[in-house]
Structure formats: C-alpha cells, structure tokens
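Engineer: Need coordinates for the following:
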Amino acid sequence: MNVPNILTMARIVAVAGFIPCLMNGYYLAALIIFALASVTDFLDGYIARKYKLVTNLGKFLDPLADKILVISALVCFVELGLTAAWAVCIIIIREFAVTGLRLAVVSAENSKHEKKVVAAGWLG
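Structural biologist: Residues are numbered from 1 along each chain as shown. Presented below is the predicted three-dimensional model:
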C-alpha cells in the first residue's frame with residue numbers, strides 16, 4: 001500500500017466522521033472534514049502521477065472514494081431538508097451510469113484477458 005492509496009483510504013474513512021458531524025449540526029466540523037477529504041483527492045492523484053505510484057487499486061478506489069464522499073453528503077442534505085430527493089437521485093443514477101460505462105469499456109477492451117482499469121483523468 002503506497003501513500004496515494006493510503007490517502008484514498010483516509011478519504012473513505014473520513015466519511016465516518018463527516019456524516020455524524022453533519023447530521024448532528026456540527027456544520028463547521030463537517031465542512032472541515034469534507035474539505036480535508038477533498039484535499040486528499042487532489043494529493044493522491046498528484047503524488048501518484050508525480051512519483052509514478054499509479055496502481056490498479058488506486059485507479060479503482062479513487063473514484064469510488066469520491067462517490068462515497070459526495071453521495072453521503074448529498075443523502076445527508078436530503079435528510080436535513082436542504083435539497084430535493086429527486087435531484088439527488090438523478091445525480092446518483094448518473095454516477096452509477098458513468099461507473100457502468102467505465103466497466104463496459106474495460107470489458108470490451110479486455111479481449112486479451114488483461115486486467116485493465118479505466119482511470120479518472122487529471123481534471124476529475
């Protein structure tokens with residue numbers, strides 16, 4: 001496990017602190033946790049590319065960690081009455097559609113039985 005993958009895992013673990021803070025009205029703490037988690041998103045990609053530490057695990061976990069963090073925030077916003085459930089459903093459906101398309105591309109390109117992962121771009 002390298003540094004970028006550890007940062008990605010930290011982003012996933014941060015959700016366990018973010019949700020209770022947000023749901024119990026500790027908005028500043030929730031904001032700080034979310035902001036730090038977002039910084040790890042930038043850092044893990046930067047470090048992985050700069051030091052050539054890109055791994056298939058990281059290519060898989062990074063977008064998953066992003067989805068877990070953002071979807072958990074959106075679901076909390078619905079529960080708190082801050083946004084409409086239908087809007088969050090559209091966003092979640094879109095996320096699953098993009099993930100499904102990425103998996104379909106990997107399956108189509110996998111004619112040589114190589115393990116491939118479609119990584120997020122640097123703008124992601």
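
Engineer: among the helices and strands of the protein, which one scores worst on average pLDDT?
Structural biologist: helix 85-109 (a mean of 86; mean pLDDT, DSSP states H and E).

Engineer: Let me see the ranges of the strands in the chain.
Structural biologist: Counting by DSSP state E, the chain forms no strands at all.

Engineer: related to what we said a few turns ago, next, the buried residues of the least confident helix or strand of the chain.
Structural biologist: 88, 95, 102 (16 or more other Cβ atoms under 10 Å). C-beta coordinates here come from the backbone N, C-alpha and C atoms, glycine included.

Engineer: what about it, distance to the chain center?
Structural biologist: Distance of helix 85-109 from the chain centroid (Cα atoms, centre = their mean, to the nearest Å) equals 13 Å.

Engineer: Same check on stretch 32-45?
Structural biologist: Taking Cα atoms, centre = their mean, the mean C-alpha location of stretch 32-45 is offset from the chain mean by 10 Å.

Engineer: Report the rounded mean pLDDT for it.
Structural biologist: Averaged over stretch 32-45, pLDDT sits at 95.

Engineer: Adding distance to residue 14, write the buried residues of helix 85-109 out as CSV.
Structural biologist: Compiled in CSV, the buried residues of helix 85-109 are given as follows (distance: Cβ to Cβ, whole Å):
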residue, distance to residue 14
88, 20
95, 19
102, 24
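
Engineer: gap between the spatially most central residue of the chain and residue 24?
Structural biologist: With distances taken as Cα atoms, centre = their mean, the residue of the chain nearest its centroid is residue 66 (1.1 Å). According to Cβ to Cβ, to the nearest Å, residue 66 and residue 24 sit 24 Å apart.

Engineer: do residue 87 as well
Structural biologist: For residue 87, the distance to residue 24 - Cβ to Cβ - is 24 Å.

Engineer: ok so, going back, the least confident helix or strand of the chain - contacts with which helices or strands?
Structural biologist: helix 56-79 (3 or more Cβ pairs under 8 Å, 6 or more residues apart in numbering; DSSP states H and E).

Engineer: check contacts around the closest residue to residue 43 other than its chain neighbours.
Structural biologist: Distance criterion Cβ to Cβ, 6 or more residues apart in numbering; nearest residue to residue 43, sequence neighbours excluded, is residue 7 at 5.7 Å. Contacts for residue 7 were tallied using Cβ atoms under 8 Å, 6 or more residues apart in numbering; they are 40, 43-44, 47.
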